[in-house]
Structure formats: C-alpha cells, structure tokens
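Peer 1: I'd like to go over a predicted model; first the sequence, then the structure.
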Amino acid sequence: MYLSTCLDVPRNGKASVSRPIRSAVPPPRLLHSLGGENKSVLSLMANAHHIFTGGQGQDIAVWDRHTFTLKTSLLGHTGSILALELAEEKGWLFSASGSQVWSTVTFLPVYILNPYLETGAGDLFSLAWNPTMQVIYIGCQNTSLQWQGFCKFQLDRRTEEQCGSGTSTPTRKVHKFFDSYPQYTHRPADLQANNFSMSPSSSQGAFVGTNSLINISATNVIDSAHFGYIYCMALLPSTREGTGHLAQKPGQNYYLVTGSGDETVKIWCCNPSGLNMMHSFDCQHGAVLSIVASGETIYAGCQDGHVKVLDFETRTLVRSIIVQENVDVLSLSIMQSDLYTCSANGHIHRWSSLFDCTASWRAHDGIVLSSVVSCSSDRKSFCLITGANDGFVKVWCQDTMTYALSKFVSIPSVSSDPSHREDCRQAAIWLKKGLNQLGAQSALLPTHEAGSPLVLGTFHGTQGKHPKPRILFYGHYDVISAPLEGWDTDPFIVSGRNGYLYGRGVTDDKGPIMAVACAAAELLQDRALGVDLVFLIEGEEETGSTGFVDAIKEHKHLIGNIDAILLSNSTWISEHHPCITYGLRGVVHSTVEIASGVPDLHSGVEGGAAPEPMFDMIRLLATLMGGEGKVAIPDFYNCVRHQTEAEKQLYDVLSNVTQKPGSVLSSRWSEPSLTVHNIDVSGPRNSTVIPGKVTAKVSLRIVPDQDLQTIAQSLINHLRGSFNKFQSPNQLSVSIDRTADWWLGNLDGPWFKALKAAVHDEWNVEPLLIREGGSVPSIPYLEKEFGCPALHLPLGQSTDQAHLPNERISLNNLCKGKSVIKRFLSIATNLHAPTE
C-alpha cells in the first residue's frame, strides 16, 4: 500500500515524517493520453507549442501541444533517447542519442554533437542547457562530464582546431573498461575491441554538412566526475518551467547539479573555462536517479524511494521524504511550489512546500520514467506531462472546459429511457450549478409533468454607451443511449486519446455547450463581455422536445427580449474544413395503423379466407411513392423553392470538398423526401400467425417553402383516400406524432456575417456554407417566437460518430470553437451601435 492522501503508514509500517493531508486543491486531472504503441517513453520535453517524446525507437515524436495530434517524428538517431533538453532562446532541442541538435521551428537537424571518445563515452544519460553561457552539459555512462559551448567565439575556436588538425575527429585514448576484451583472451584493452553495437552515427552526413558536425574536445571533459553513471542533472538557479525562478539577472552565477549511481549529488560552478566542483552531498539511499531544483533547494530522487531535500546555500540536508520505500523515484518535477515525484510503480505523489503529501494517484500502468512541467501559451496555467514504459504520454492539468465536460458526460442523461429520468434531472441541476460557477445567473424551469426541466442561465455583459445585444444560446443536455457494445472505453467517462475526446454527448451536445459557456466565462473574467448571453438548454431534444413550446411561452418573461439565436448541434461536412450550417429540413413523423378488429389468426386455418391487414399495409405504403423515387402525394412538390444560381455554386464548392456529386448533397439537404422506418405487427411474430394489427412509422422531410401543416394534412388525406379505394373491411388509423418546420438562415444579415468573420479569423479560411438533412424542432420555433434570426455553428467533424459507438470530438475543434464564440460575441457587441 502506498502513501496517499488518506494513508499515513507506508508498506513497511514505518511512519513517514511527511504528513498525508487532504488538500483543498485536487490533483491534476488527466487531460489527454498520447501514444500507446508499447514503446517506453524514456524522455520528455515541452514548450508552448509542442511536446517532444524520446524512447527506444530511435526517433523523437513531436506532438502538437494544442491539438494533441502527432505532428512529425525526428529521425536519424542511433539508439534510445535517454534525455532531451531545450534551448528555448535558440529554438533548439538537444537529444541524448548521438547528441543531436534539432530546430524546434523547422524540425530539421542543426548540429551533430559527438561526445569526446565518441561511443567510448557510453550512453548519454542526462543533459542541461545553460542559457547565459550558451553551453550544453552532458552526463555520460563512462562517469565523465562533458560540455560544449555554442556562442560564436566557441564555435569559431572549434573550427580553427579542426582545420589545424586536419581532421574533424579527435584521437582518443584507450579506455580500460569500454575498450577491454573478455578476461579469457588475456588481451590488453585497445581501440579495436569494438564493444559497441553501433557507430557514432553512420548516417550523419546524409543530412548535415561538415560545419554542422561538432566533436567535443578533451579540454571540455571531466573524467570520473562521479564513481558511477551520471543519471541526472539540473541547473541552479533552475531554468525549468513551473519552478518560479526563470528570471535571469545580469552577472548571475550558474551551478550545475549532478546525481549519480555512486549515491552522491555534486554541485559544480559553471564558468567560461568549464566546471569546478564546489560540494558533494552523500545521499546514502541508493543511486540518485532524478534531480530538480527550485530556488536554493535541490530535490534528489533516490533508488530506494527517498527524496533528499538539499539546501544549496548552507550545503545541508534539510529533509528526507519517504515517498514509498524500495520503489525507485525515477523523475521529479516542480509545478509552482509543489513537488511531483514519479515512481517505478506507476504512482505520482504531490508534495507541498511544507513537505506534506497533498495528493497521490496511479498515473500509469507501468514505470513512470520521465516528467516535465510546461506552461500554457498564455502563461496562465501549467500542466504536468509524464511518460512511462506503458507507452503512454499523459498530460495532467486543471483545464476548466475539459474538466467540466468530463463531469457533464459522466451523468448518463438518456432521455429515451425512463430508468434515467433522475439522471436527466441531475444533469440539469449540475449544469445550473456549473453555469453559476462560471459567472451566470441560472435557474431551472419546469416543462411538463415528469419531464426534464429547462436550464436557463444568463451571462450579463458590461453595459456600454449603446444597448447590449441579447443572444440566446440553445442546446440540449440529454443524450441517446450508449450500449457498451462497440465502445472502446466507458461511454460515460471522457477519455482523451491522440487529439480526441471520447464519450457519449461530447459532440452532441454537451461539448459545444461547455465550449460556449467557457467562452462567455473567459470574456466575463476579462471584463470583455459586451452582450447578454442567455443559455436555454433543454433535456428532451432527442425524444421530440416534449413540453418545450409550452414551457417557453409560460416563462418567456424570464428569458427576456432576444436579438439573435445561436446553436451548435451538428457536425462539419468533412474533417478539416470549418463550416456554418444555414439550413435544416423540416419533418413530419406519423404512425399508420391497419387493424382487422379481430384477434390474430392461424394462417393454416384462416389463410386465404381472412382479409389480412398486412396486405393492405403493403399496398397502402406503395401508393406513397411513384416513379424515379418521387413522393406520390398530390401537390407535394408545388411549393418547393427552386435552387438559385448562388446555391448551385455553393454545391459545386462542396462537391469538390466531399468528392460527391452536388446532386447528392442537394437531394439530402434541399429536396423533400419520404421514409418508411419500420413495420410492426401484433401477436407472437412467428411465421404461422396472421397479425390482426399492422403498424408502420412513416416520416416526410420538408424544405422551403412547403407548409408544415399543409403537408401533414396532405399525408393523412392521401392515405385515407388510397385506403378507401381498396374497399377493405379493415380499419385505417393515421396520426401525426410530432413535427418540426424547416429553417433557412439569412446569409446576408449582419449576425450571419459576424459569425462568418469570427470563423474566418480563427481558422484563417473561409467557412463552408452547408445545410443539414435533419431537423432541430426548437430552432424555427424559437426564431418565430422571439422574432429574430438563428445561427448554427457546428463544432464537430464529419467522423465524430454522433449517436454511434465511440462518439468523439476533436480537442482542437472544441478549443477553436470556444475561440470562435469569443470572437463572435466580441463582434456582436457593436451590432447595436448606430452607424456613423
């Protein structure tokens, strides 16, 4: 059993001097997982834009920091990459495999840095960059410390030395260990022993020139700097993100701290001529495997589960933290004032500045080998990034939007299942509280008896010299069912993997709701919200919005006047190009029933004598369709709006994007259709029964300018008229279950232009203008009820699997969607201002 927030006794029963306490600050939440290819993550580094991971595969994976997608791989290494280091001011990444230097901008190699003795130095375990002196320090397997300067003077001197010697490869001495032969040969060590499996980089010349090849000279080496491998090193004062000590002062001295398998930590003074040892700490608890520094304090993670806290100024041991005895501490990171220890059993512990354990959790299903703290691009937040031999890189932070979405998705608000009725109510309660915490005034509004409530929340913008626009955002917190079959993970636990968030409702419609809410909250926090944003979120959209219209009419005075309506309840037409939806088809759902009025009959007894309802149903449904797939209801197409030249041009553009004929898109979006969804029968449904009742579900999709009520009545009239011609003794019943009108946005209106500009400014491309073949019943109703235009901004991609297993949304889409909303709300602030 390991030390956690609720335990104060380690496995061996000895009480730790550090108290496990319950912190008011929760541990960082898992934001995303990267990789999963069963390759150990041996080293990590990150800047504001990328995460770099080194492993056994002789390449460095470069992940986009914002989208969490794989951007590229840096190839050409000769072995495992045990360490990475950044030179931020130069835009360089150092890798400890052949010690290569890469550009973090172009991802091309800048230098090849060969250690002194080349492969005789053994593996390169650790790296540290001194930004003031422009020097990289290298800790080697052969116990040597090596360094190389990159300022102009040092590089010029290196060139002169190489030219003067006539060779770019220095002659090295025989190493009695690395150049030795097996004892039974009785041969002395020599350079021909060839104890290494790989050359110092046989492919180096393939991608860098001679001037880019640097060989560390013998003058830049301290042999036997330790009596063991130099596993780790750090610079003091620290240059690491999160330590709170990044400011560099003129004339500031730097010190190199190294940890080794000889159980010591050594402090070296960095000067232009090299390194001078100042002090050595004897840790006495196994090899020193990890080091991190903050201010004057040095933390050394040891082989047996201890972390030594060392004071640089007084050269004393301050504290010995027992993380978990006999479990190696392989990586350490500082995030502001907290220490994070990463152990070989997959656990991470967080320690306060008072050395209290404030959190503990199992982070990986394997050995945690590396960690790094990285700051967001706006420098407002930090995240912890960890890597392990389970093949995963995991990003831990407290991102408001994804954290809130994970909580929202965890409530299985399935509106079609009565057993989840209370879950729907709990989802509404959670959303009400969540909007309130983000800065909105929120309340629940009843709909119908036993119905799910509406959530009403208003973010009040700052009042300027002109009246504030009031924008209503419509969404729904209910989801469809999610049977486990087909899902790779629990559908009600958000899982972040390689750039996507998976879970029921992440794209339809909980993800977009949280993106819009967080956009408003961020503007409100910055005092930049110039509109009133009114949230109206229902809980029965997936089942026909029962009671929605009546609830809006009853509580319209609480909603107030509305100038525009915004929703986000669909997906793009492709994966990569942002879209704006400007049209939806309407729908008429109906039930057709034919009954004999007598019980089910046996076909072996009554077959051929009884007029069967099934035959009547088949004949009746056949009258609905004519030739060429056209609906046969009289006057059905009379009012269909003809396609304009502008629309034809839009379909041509979309055809090029989707590689589908424009006629196919047009038939889905702007042409009406009829569908027979199913036919059901009474009785046991076996092959010997004549069912006494047959029921069919039929729907019509309608488009501009068909009238909803007229089409619904035409369907009823046609079915009844056709059935009467059969002169059947059976009885026909036709009912209209629910309807939704079509909707078409105003592409020339100021609100649409504002949204289009916001999408363009965020994505740097013109959005595609698309329509949908489906229906959102509430939108045309709200548009008519409040007398204002509606706008539809889809956030998801075409492959998001809405309503299907493994529903997902791109994290990049979600974040950029939030940014689009912020831009739109900022533009909308001035839509009420008078023109000059």
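Peer 2: Right, received. Where do you want to start?

Peer 1: okay but Val135 is in contact with Gln148, surely?
Peer 2: Yes. With contact defined as Cβ atoms under 8 Å, Val135 reaches Gln148; the gap is 6.9 Å. Bear in mind the C-beta positions are built from the backbone N, C-alpha and C, glycine included.

Peer 1: out of those two, which sits in the busier spot?
Peer 2: More crowded of Val135 and Gln148, by other Cβ atoms under 10 Å: Gln148, with 25 against 22.

Peer 1: Now stretch 424-433: average pLDDT?
Peer 2: Regarding stretch 424-433, the rounded mean pLDDT is 97.

Peer 1: neighbouring contacts of that stretch?
Peer 2: Here stretch 424-433 makes contact (Cβ atoms under 8 Å, 6 or more residues apart in numbering) with 407-408, 411, 413-415, 442-444, 452-455, 457, 477-478, 513, 537, 539-540.

Peer 1: Counting only strands, which of those residues make the cut?
Peer 2: Ser442, Ala443, Leu444, Leu454, Val455, Gly457, Ile537 (DSSP state E).

Peer 1: Need those in a markdown table (columns: neighbour count and distance to Thr658).
Peer 2: Output for the ones in strands among the contacts of stretch 424-433, formatted as a markdown table (neighbours: other Cβ atoms under 10 Å; distance: Cβ to Cβ, whole Å):
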| residue | neighbour count | distance to Thr658 |
| --- | --- | --- |
| Ser442 | 20 | 40 |
| Ala443 | 16 | 43 |
| Leu444 | 17 | 41 |
| Leu454 | 25 | 36 |
| Val455 | 28 | 36 |
| Gly457 | 24 | 37 |
| Ile537 | 26 | 31 |
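
Peer 1: Tell me the one among those residues nearest to Gly608.
Peer 2: Nearest to Gly608 among the ones in strands among the contacts of stretch 424-433: Leu454, at 55.9 Å, using Cβ to Cβ.

Peer 1: now the helices: where do they sit in the stretch 251-400 of the chain?
Peer 2: For the stretch 251-400 of the chain, the helices defined by DSSP state H, counting those that start in this stretch cover 400-409.

Peer 1: Pass me the low-pLDDT residue ranges in the stretch 351-500 of the chain, would you?
Peer 2: Applying pLDDT under 70 to the stretch 351-500 of the chain picks out residues 376-380.

Peer 1: Torsion angles phi and psi at the residue with the largest distance to the centre of the chain?
Peer 2: Distance from the centre of the chain peaks at Ala609, with 64.8 Å (Cα atoms, centre = their mean). In terms of degrees, to the nearest 10, the main-chain angles of Ala609 are phi -100, psi -30.

Peer 1: ok, now how distant is it from Gln731?
Peer 2: Here the criterion is Cβ to Cβ, to the nearest Å. By it, Ala609 lies 19 Å from Gln731.

Peer 1: What of His349?
Peer 2: Separation of His349 from Gln731 (Cβ to Cβ) stands at 74 Å.

Peer 1: Likewise for Lys697?
Peer 2: 18 Å.

Peer 1: can you count the residues close to the residue nearest to Pro750 when sequence neighbours are not counted?
Peer 2: Leaving aside its chain neighbours, Pro750 sits nearest to Leu831 (5.6 Å; criterion: Cβ to Cβ, 6 or more residues apart in numbering). Leu831: 17 surrounding residues under other Cβ under 10 Å.

Peer 1: where in the chain is pLDDT low?
Peer 2: For the chain, the stretches flagged by pLDDT under 70 are 1-25, 98, 153-186, 190-211, 241-251, 376-380, 832-836.

Peer 1: can you give me the helices for it?
Peer 2: Along the chain, counting by DSSP state H, helices occupy 152-165, 400-409, 421-438, 510-525, 548-559, 603-606, 613-622, 645-658, 662-669, 708-726, 750-763, 778-786, 811-828.

Peer 1: who are the neighbours in contact with Ile580?
Peer 2: Here Ile580 is in contact with Phe752, Leu755, Lys756, Val759, Pro767, Leu768, Leu769, Ile770, Leu791, His792, Leu793, Pro794 (Cβ under 8 Å, 6+ apart).

Peer 1: So which of these is the closest to Ser280?
Peer 2: Using Cβ to Cβ, the contacts of Ile580 come closest to Ser280 at Val759, 60.5 Å.

Peer 1: Test my guess that that closest one contacts Ile821.
Peer 2: No. Using Cβ under 8 Å, Val759 is not in contact with Ile821, being 10.2 Å away.

Peer 1: Glu645 and Val62: what is the separation?
Peer 2: Taking Cβ to Cβ as the measure, Glu645 falls 46 Å from Val62.

Peer 1: same check, this time on Pro780
Peer 2: 47 Å.

Peer 1: just to revisit the earlier point, from the contacts of Ile580, list the buried ones, please.
Peer 2: Phe752, Leu755, Lys756, Val759, Pro767, Leu768, Leu769, Ile770, Leu791, His792, Leu793, Pro794 (16 or more other Cβ atoms under 10 Å).

Peer 1: ok, back up a step: what touches both of Val759 and Ile821?
Peer 2: With Cβ under 8 Å, 6+ apart, Val759 and Ile821 have common neighbours Leu793.

Peer 1: Run through the bridge partners of Ala234.
Peer 2: For Ala234, the beta-bridge partners are Val257 (DSSP bridges).

Peer 1: Make sure Val372 is actually in contact with Ile334.
Peer 2: No. Using Cβ under 8 Å as the test, Val372 is too far from Ile334 to be in contact (10.4 Å).

Peer 1: what's the overlap in contacts for those two?
Peer 2: Among the neighbours of Val372, those also in contact with Ile334 (Cβ under 8 Å, 6+ apart) are Arg240.

Peer 1: count of neighbours near Ile348?
Peer 2: Per other Cβ under 10 Å, the neighbour tally for Ile348 reads 25.

Peer 1: Give me the nearest residue to it, chain neighbours excluded.
Peer 2: Ala363 (4.5 Å).

Peer 1: I'd say that neighbour and Ser343 touch.
Peer 2: No. Contact criterion Cβ under 8 Å: Ala363 and Ser343 do not qualify, at 9.2 Å.

Peer 1: okay, how far is it across stretch 803-813, tip to tip?
Peer 2: One end of stretch 803-813 to the other measures 19 Å (Cα to Cα, to the nearest Å).

Peer 1: Also stretch 416-427?
Peer 2: In stretch 416-427, first residue to last residue: 15 Å (Cα to Cα).

Peer 1: If we go by neighbour counts, what in it is buried?
Peer 2: Buried-residue list, stretch 416-427, by 16+ other Cβ under 10 Å: His420, Arg421, Asp423, Cys424, Arg425, Ala427.

Peer 1: Of the residues you listed, just say which sits nearest to Leu127.
Peer 2: Of all the buried residues of stretch 416-427, Leu127 sits closest to Ala427, with 49.1 Å by Cβ to Cβ.

Peer 1: Please report how far Ser670 lies from Pro578.
Peer 2: To Pro578, Ser670 is 21 Å away according to Cβ to Cβ.

Peer 1: quick one: contacts for Val765?
Peer 2: Applying Cβ under 8 Å, 6+ apart to Val765 gives the contacts His577, Pro578.

Peer 1: same thing with Gly626?
Peer 2: Counting by Cβ under 8 Å, 6+ apart, Gly626 makes contact with Ala632.

Peer 1: Leaving out sequence neighbours, find the closest residue to Gly607.
Peer 2: Closest to Gly607 by Cβ to Cβ, 6+ apart is Ile690, at 6.6 Å.
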